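> Predicted model, plus sequence, below.
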Amino acid sequence: MSEHLYRDSYLEANLTFEDDKITWHCPQTNDTREVMMDWEQPIMTKMAEVAVEAGDHVLECGFGMGILSNAVQARNPASHTIVECHPQVLVKLNEWAADKPNVIVKEGKWADLIDEGTRYDSILMDTYVDDNLHEVFDTFAETKANDGCKVSWWNFSGGTTDEWMMFYWNNVTFTEVTGLNPPENTYYNRDNYFIPLKILNAKPVGYGVEESTLVSVSNTDKVAFSNVRSIYNGVLTREDTNDSTANVIQEKIEPIKMKCAGIWNINNGLLVATGNHPIMIKRSGSWVEKIINEIQVGDKLYKIDNTEVNVDNITFDSSDKEYWVQKLRHNEDESFNYFANDILIKIK
Ligand SMILES: C[S@@+](CC[C@H](N)C(=O)[O-])C[C@H]1O[C@@H](n2cnc3c(N)ncnc32)[C@H](O)[C@@H]1O
């Protein structure tokens, strides 16, 4: 039975709130699922301990039973923003928050906050049947991080080796919680658990196009791909052609299908991308950072063989169709520039 069935019906579901758990009945699968259970208390307490310090600006995604929220409050954050999307849980959250002046409630999905400028010292992710999680959480957190931001999340595997669970980040550390005693349930049945922690630094804002940046770019394979931030801030896309000739630039690329609000096509398919994707172009003799929809006929693109490609024509497909995009899983310590169809693109 597909996870999507749960995703599709969770938000409309009537949740059952008991002292020790929140559950719901999924009509399509005809089974009862736990959203949250109180045996997780030691995990949540420890999570707050490893990821929240007094005075932090905290972002918590998913309120559930408020166990983690209470643990965060106990650590005296400067501010505590909680984002929650289920209407019944929101009622509980608003009641809980009523006497807590440092709590800010955001109604909706955490991914909708990506374009808000606020940054945080601590980001805690514990959602449920979350359609955005593996596609955008790492980029989301990187965008929202203050320097030294502590990021922690629900570790569905419970262990320390699952790369999917670690969002392909390097240097994730773990704190073990032992002595758990979960009653049999549909999501976690082990007596120990490892809390993940990733420290992020604030992403540098703005950077010039220096010669050294251009020549240090080392990725050379041909493939059109994108980073997932693109869902909000621009993508490089290719249509689903099952193109077996495309070389994948890095191992960890996950194609996802998504709707794009219009696609720009530069030089008859040389670059096919959404308008907000950053790119470097040469205009009036200097390299500048622009976004795709600012490119003009006559601009130059940088090609991998160190030549320049003149922009001869630009078309825009405004239809709302679905494209396959591939997320570039870049190593965060490396340059974020890359090539698509031999043309230099910029991720951040
Ligand atoms: C496992 S519970 C959170 C438990 C919480 N950490 C606690 O200590 O009680 C997951 C919560 O995330 C909420 N949720 C699911 N998807 C979400 C999303 N995309 N954005 C915000 N909240 C979400 C669910 O409605 C649910 O309340």
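Looks like it came in fine. Numbering: from 1, shown residues only.
> Near the ligand, which residues of this protein are found?
Contact residues (Cβ under 6 Å from any ligand atom) of the chain with the ligand: 35-36, 44, 61-68, 83-86, 89, 109-110, 126-128, 130, 132. Quick note: C-beta positions are derived from backbone N, CA and C, even for glycine.
> Repeat the analysis, applying 8 Å as the threshold.
When proximity is defined as Cβ under 8 Å from any ligand atom, the chain approaches the ligand at 10-11, 22, 35-36, 40, 44, 60-71, 83-86, 89, 108-111, 124, 126-133, 154.
> Give me the subset of these lying in helices.
10, 44, 67, 68, 69, 70, 71, 89, 133 (DSSP state H).
> what about burial for those residues, which qualify?
Taking 16 or more other Cβ atoms under 10 Å as the criterion, what is buried in those is 10, 44, 67, 68, 69, 71, 89, 133.
> In those residues, find the pair that's most separated.
10 and 71 (24.3 Å; Cβ to Cβ).
> Please enumerate the helices of the stretch 151-300 of the chain.
211-216, 230-233 (DSSP state H, counting those that start in this stretch).
> if you average pLDDT over each of the ones you listed, which comes out lowest?
Looking over the helices of the stretch 151-300 of the chain, mean pLDDT reaches its minimum on helix 211-216, with a mean of 20.
> Excluding chain neighbours, what is closest to residue 48?
The shortest distance from residue 48 to any non-neighbouring residue, by Cβ to Cβ, 6 or more residues apart in numbering, is to residue 71 (3.6 Å).
> residues in contact with the one you found?
Residues counted as contacts of residue 71 (Cβ atoms under 8 Å, 6 or more residues apart in numbering) are 44, 45, 47, 48, 49, 52.
> Residue of the stretch 151-300 of the chain nearest the ligand, please.
As assessed by Cβ to the nearest ligand atom, the ligand sits closest to residue 154 within the stretch 151-300 of the chain, at 6.8 Å.
> That residue contacts residue 125, correct?
Yes. Counting by Cβ atoms under 8 Å, residue 125 is a contact partner of residue 154 at 6.6 Å.
> Have a look at the two and say which one is more surrounded.
residue 154 (25 against 20; other Cβ atoms under 10 Å).
> list the contacts for the more buried one?
125, 126, 127.
> show me what contacts the last one?
So the one you mean is residue 127. 61, 62, 110, 133, 154.
> List the ones among those that fall in strands.
Taking DSSP state E, the ones among the contacts of residue 127 that sit in strands are residue 61.
> so which two of the contacts of residue 127 are the farthest from each other?
Using Cβ to Cβ, the pair of the contacts of residue 127 lying farthest apart is 110 and 154, separated by 12.8 Å.
> Which neighbours do the two have in common?
Common neighbours of residue 110 and residue 154 (Cβ under 8 Å, 6+ apart) are 125, 127.
> Among the contacts of residue 71, filter down to the buried ones and hand me the ChimeraX syntax, if you would.
To isolate the buried ones among the contacts of residue 71 in ChimeraX, judged by 16+ other Cβ under 10 Å, type:
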select :44,47,48,52
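> wait, which of the contacts of residue 71 is closest to the ligand?
Among the contacts of residue 71, residue 44 lies closest to the ligand (Cβ to the nearest ligand atom), at 4.5 Å.
> And the closest one, how far from residue 280?
44 Å (Cβ to Cβ, to the nearest Å).
> Can you give the distance from stretch 162-171 to the centre of its chain?
Taking Cα atoms, centre = their mean, to the nearest Å, the mean C-alpha location of stretch 162-171 is offset from the chain mean by 13 Å.
> Hmm, I typed the wrong one, I wanted stretch 297-304.
Offset of stretch 297-304 from its chain centre (Cα atoms, centre = their mean): 30 Å.
> try stretch 31-44
24 Å.
> Kindly report the same for stretch 71-89.
On the basis of Cα atoms, centre = their mean, stretch 71-89 sits 19 Å off its chain's mean C-alpha point.
> what ranges of this structure fall below the confidence cut-off?
For the chain, the stretches flagged by pLDDT under 70 are 1-3, 115, 203-262, 276, 286-288, 304-306, 319-341, 346-348.
> tell me the domain boundaries of it?
Split into domains by automatic domain parsing, the chain comes to 5-200, 211-346.
> got a list of contacts for stretch 93-107?
Outside stretch 93-107, the residues that reach it (Cβ under 8 Å, 6+ apart) are 63, 66, 69, 73, 77-85, 90, 113.
> Tell me which helix or strand residue 93 sits in.
According to DSSP states H and E, residue 93 maps onto helix 87-97.
> Go ahead and measure how far that helix is from the middle of the chain.
The answer for helix 87-97 is 25 Å, by Cα atoms, centre = their mean.
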